[in-house]
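In: my questions are about this predicted structure, shown below with the sequence.
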Amino acid sequence: MECINTWYGDIEKPLFERFSQVRLLVLDIDGVFSDGRIYLGNDGEELKAFHTRDGFGMKALKNTGIETAVITGRQSDIVQRRMQHLDVSNIYQGQTDKTQAFNELLSQHNLSAEQTAYVGDDTPDLALIQQAGIGVAVKDAHPSVQQQAQYITRCAGGFGAVREVCDLIMLSQGLLHDAKGASV
């Protein structure tokens, strides 16, 4: 099968072409934007680490006209602030049923599931991995998620996986040269 050579390795041409159809990138948070660990301080404070490369990728993707969204099962002020810094206006937190939020996004943006990519790392993401036009699992995702995904990132969650998917969408659409933003 013919492959397309990218910074992230060879990708089979049909899959690469599916990336070119993406108009909405939807992501989980813990294990995708972060490495999945939650740091708790003695006074109850919660900390998460986010990678600036992922921030640049999200800003650049948004600047090319691709819509972005997050759907997460947890509720966190940290996530709200981080996503606002990245100009992500579609923020769904505390979602025990991610499918409902996903379908709301499709309706709100007048898109089909085939025009989306979803990035996840664990079993609560399986329904959207299967429903999205491209289901993506991060490199260190649970094996059950990797088995269902059409693409597995070369980068781990919290360590550039989001940037990788953003780059592939922009590359497949001929927009990578337009990638503008800031590492935030």
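Out: Yes, it's here. Residues are numbered from 1 along each chain as shown.
In: make it CA atoms for all contacts and neighbour counts henceforth
Out: OK.
In: and the end-to-end length of stretch 25-35?
Out: This stretch, stretch 25-35, spans 19 Å end to end (CA to CA, to the nearest Å).
In: and the contacts of it?
Out: For stretch 25-35, contacts defined as CA atoms under 8 Å, 6 or more residues apart in numbering pick out 36-37, 48-51, 54, 66-72, 79, 116-121, 125, 138, 141, 156-159, 161-162.
In: what is the residue nearest the centre of the chain paired to in the beta sheet?
Out: Residue closest to the average C-alpha location in the chain (CA atoms, centre = their mean): residue 27, at 3.5 Å. Beta-bridge partners recorded for residue 27 (DSSP bridges): residue 70, residue 119.
In: what is the least confident helix or strand in this structure?
Out: Sorting the helices and strands of the chain by mean pLDDT, DSSP states H and E puts strand 46-47 at the bottom, at a mean of 88.
In: give the contact list for residue 86.
Out: 55, 58, 59, 184.
In: for the first one, what is the enclosing helix or strand?
Out: Read that as residue 55. Element membership for residue 55, per DSSP states H and E: helix 52-63.
In: only alpha carbons, please: show that helix as CSV.
Out: Extracted in CSV, the C-alpha atoms of helix 52-63 (Å, rounded to 0.1, in the frame of the first residue of the first chain):
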residue,chain,number,x,y,z
THR,A,52,3.8,24.0,25.2
ARG,A,53,4.3,22.2,21.9
ASP,A,54,0.7,20.9,22.2
GLY,A,55,-0.4,24.5,22.9
PHE,A,56,1.3,25.7,19.8
GLY,A,57,-0.3,22.9,17.7
MET,A,58,-3.8,23.8,19.0
LYS,A,59,-3.3,27.6,18.3
ALA,A,60,-1.8,26.9,14.9
LEU,A,61,-4.7,24.5,14.0
LYS,A,62,-7.3,27.0,15.1
ASN,A,63,-5.6,29.7,13.1
